[in-house]
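>>> The following comprises the amino acid sequence and a computationally predicted model.
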Amino acid sequence: MTKQETYETLHQQVLAVLDGEENTIARMATVSCLLSDVFAGRFFWTGFYIVDPLKPRELVVGPYQGTLGCLRIEFGRGVCGEAAKSGQTQVVEDVHAIANHIACDSRTNSEIVVPVFDHDKQLIAVLDIDSTEFSAFDDVDKEYLEKLMSAVFAV
């Protein structure tokens, strides 16, 4: 299967599993699990950092699959913080070339971070996916992950 076909199958699988589930944390946990499973070996860390309602310019770790994640990330700090601040997906071929990269696990070499918006277009989280490979993410990942986040959370 091509990467596009894998994402299309995954998209349908995620929507089927989440049909009727309204809880955001349950939705995040399910997405993390399925993404991690489908892309096992390619994705090293897959999960969410949630906008903290008590500190709205800070992300706090949410559901994830992988090694220990950072607990908190300020908007603008690192790849996740930049995605939260800008509202734009960040695709980083080499995290070691980023001056303010936060190394939660030194084995991470590339990363994609997708902002997650609710139905009111308010930022609620970011989806963070790390890989031990350099240049592991491309426009296909960006397109399909953005589409998935919109289908799951902007409803």
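On my side now, so go ahead.

>>> D37 and A99: what is the separation?
The gap separating D37 from A99 is 33 Å, by Cβ to Cβ, to the nearest Å. Every residue, glycine included, has its C-beta placed from N, CA and C.

>>> out of those two, which sits in the more crowded spot?
The neighbour comparison of D37 against A99 (other Cβ atoms under 10 Å) goes to D37, with 13 against 5.

>>> Need phi/psi at L127.
phi -90, psi 120 (degrees, to the nearest 10).

>>> and the closest residue to it other than its chain neighbours, what is it in contact with?
Here the nearest residue to L127 in space, its sequence neighbours aside, is V114; by Cβ to Cβ, 6 or more residues apart in numbering that works out to 4.4 Å. By Cβ atoms under 8 Å, 6 or more residues apart in numbering, the contact set of V114 is A83, T89, V126, L127, K142, L145, E146, M149.

>>> I'd like the distance between V114 and T132.
Using Cβ to Cβ, V114 is found at 19 Å from T132.

>>> Now do the buried residues in the top strand by length along the chain.
Ranked by residue count, the top strand of the chain under DSSP state E comes out as strand 55-65. Under the neighbour-count criterion of 16 or more other Cβ atoms under 10 Å, strand 55-65 has E58, L59, V60, V61, G62, P63, Y64, Q65 buried.

>>> Would you check how far apart the residue nearest in space to the middle of the chain and V113 are?
Nearest residue to the geometric centre of the chain (Cα atoms, centre = their mean): L127, 1.7 Å. L127 sits at a distance of 7 Å from V113 (criterion: Cβ to Cβ).

>>> Return the member of the contacts of V114 nearest to L15.
M149 (12.3 Å; Cβ to Cβ).

>>> wait, is the closest one part of a helix?
Yes: per DSSP: H, G, I helix; E, B strand; the rest coil, M149 lies within a helix segment.
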